[in-house]
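1. need a structure here:
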Amino acid sequence: MDKRKLTFREDGTFTIAQFTDIHWIDGSEADQRTRSLMELVIREEAPDLVVFTGDVIYSGGKGCTDPFQALRDAVATAENAKIPWALVFGNHDTEGNITREQLAPAVETYEFAVSDSGPANLSGFGNFVLEVEGRSGQTAAALYGLDSGEYSPLPHIKGYNWFRRDQISWFLQQSARLTEQNKGEPLPALAFFHIPLPEYNQVWETQTCYGHKQENVCCPPLNSGMFAAFVEAGDVMGTFCGHDHVNDYWGELHGVRLSYGRATGYNTYGREGFPRGSRLIRLREGERSFETWLRLDDGTVVLEQPEHVPGVGKAKIVE
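-> Below you'll find the model as predicted:
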């Protein structure tokens, strides 16, 4: 079997486990708790793909003397389970004693990694598109991974980086290619990145949202238009990010569902009474929709479909 080949199951499903903000440092007790949580999720959910949405390691953290070993330890749960996995970088993965240019090629050395360093002439490292084959052997869905960068490169603008115009152009090119390949019909698609888009603020302020918002949306100060590209292309049904560890809400804006993952790592900040966990996403072949739920560290499953959410129709659940 080609370990890089992603396919829908015979029952027409394809399930993704999102692990975000692991912040692996050095194998400490906190890191081992993170590993146990990831093992639980993989054991109980049997995902077809794991996506790490940034801050997989905390390369600038005290005690992280070997970022390559930290990466090896952080992805070991997926690798040992022989589950295909993909990775996009966050702002803490390559600070301190390593750069993206150094760490990105290491991802490609793993047997079950399906993402790579991405196009050499493109801003960032690890921009990718994965195609999921249907039972007929034709591409039936697409998964985009995008490097949301680290910090603003301009001294007069404070805060986090933003998607660059060449990344937006690249996404639109890939989307157009896959749409043409699919006889002019946009494929069902999802997008994964670390830092939330500015529209995560907008959806919370203007639409019905489900889940928790317990800190500010730490998005870039500039809106460079990536979300507009998603809407215009017509393929991306949902986006998934991390970065803000005690937010896990989702809401729909202009036909795109904007979702946070649930922070997975124990070697970083959290909030009492807000357990670590993982977001699960399930695609169904031939459908322009997906299901999503949370699996928490005690094994609890949190269903987040509107019909399961108390107070549906209210603007917010928790803030």
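
2. pLDDT weak spots in the stretch 51-200 of the chain?
-> Low-confidence segments of the stretch 51-200 of the chain, defined by pLDDT under 70, are absent.

3. again, only this time at 80
-> 61, 96 (pLDDT under 80).

4. Look up how far residue 280 lies from residue 132.
-> Residue 132 is 16 Å from residue 280, where distance means C-beta to C-beta, to the nearest Å. In short, each C-beta sits where N, CA and C put it, glycine included.

5. and if you look at residue 152?
-> 33 Å.

6. Which one's more surrounded, those two?
-> Set side by side, residue 152 and residue 280 show more neighbours around residue 280, with 21 against 16, by other C-beta atoms under 10 Å.

7. That one is in what secondary structure piece?
-> strand 277-284 (DSSP states H and E).

8. quick check: angle from the next helix-or-strand element following that strand to strand 277-284?
-> On the C-terminal side of strand 277-284, the nearest following helix or strand under DSSP H and E is strand 290-296. With axes from the mean of the first three to the mean of the last three C-alpha atoms, to 10 degrees defining the directions, strand 290-296 sits at 160 degrees from strand 277-284.

9. Tell me the strands beside strand 290-296, with direction?
-> Here strand 290-296 has these sheet partners by DSSP bridges: strand 277-284 (antiparallel), strand 301-303 (antiparallel).

10. most packed of these?
-> Burial of those is given as mean neighbour count (mean count of other C-beta atoms under 10 Å); strand 277-284 ranks first at a mean of 23.

11. Now do the strands in the protein.
-> 6-7, 13-19, 49-53, 85-88, 128-133, 139-145, 189-192, 209-210, 236-241, 250-253, 256-260, 277-284, 290-296, 301-303 (DSSP state E).

12. Pull out the buried residues from the second one.
-> By neighbour count, with 16 or more other C-beta atoms under 10 Å as the criterion, the buried positions of strand 13-19 are 14, 15, 16, 17, 18, 19.

13. which two from those end up farthest apart in space?
-> The span of those, defined through C-beta to C-beta, is set by 14 and 19 at 17.1 Å.

14. distance of residue 98 from residue 67?
-> If you go by C-beta to C-beta, the gap between residue 98 and residue 67 works out to 4 Å.

15. Surely residue 104 is in contact with residue 126?
-> Yes - with contact defined as C-beta atoms under 8 Å, residue 104 reaches residue 126; the gap is 5.8 Å.

16. anything in contact with each of these two?
-> 89, 116, 117, 118 (C-beta atoms under 8 Å, 6 or more residues apart in numbering).

17. okay, the residues you listed in JSON lines with neighbour count next?
-> Shown next, in JSON lines, are those (neighbours: other C-beta atoms under 10 Å):
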{"residue": "89", "neighbour count": "27"}
{"residue": "116", "neighbour count": "18"}
{"residue": "117", "neighbour count": "20"}
{"residue": "118", "neighbour count": "21"}
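
18. from what I can see residue 7 touches residue 130, true?
-> No - with contacts counted by C-beta under 8 Å, residue 7 stays clear of residue 130, the gap being 11.3 Å.

19. okay, those two: which has more neighbours?
-> Between residue 7 and residue 130, counted using other C-beta under 10 Å, residue 130 has the larger neighbour count: 22 against 17.

20. contacting residues for that one?
-> So residue 130 contacts 6, 49, 86, 114, 115, 142, 143, 144, 145 (C-beta under 8 Å, 6+ apart).

21. Return the members of these classed as buried.
-> 6, 49, 86, 114, 115, 142, 143, 144, 145.

22. Find the residue closest to residue 174 in space, skipping its chain neighbours.
-> residue 129 (4.8 Å; C-beta to C-beta, 6 or more residues apart in numbering).

23. List the beta-bridge partners for that neighbour.
-> residue 144.
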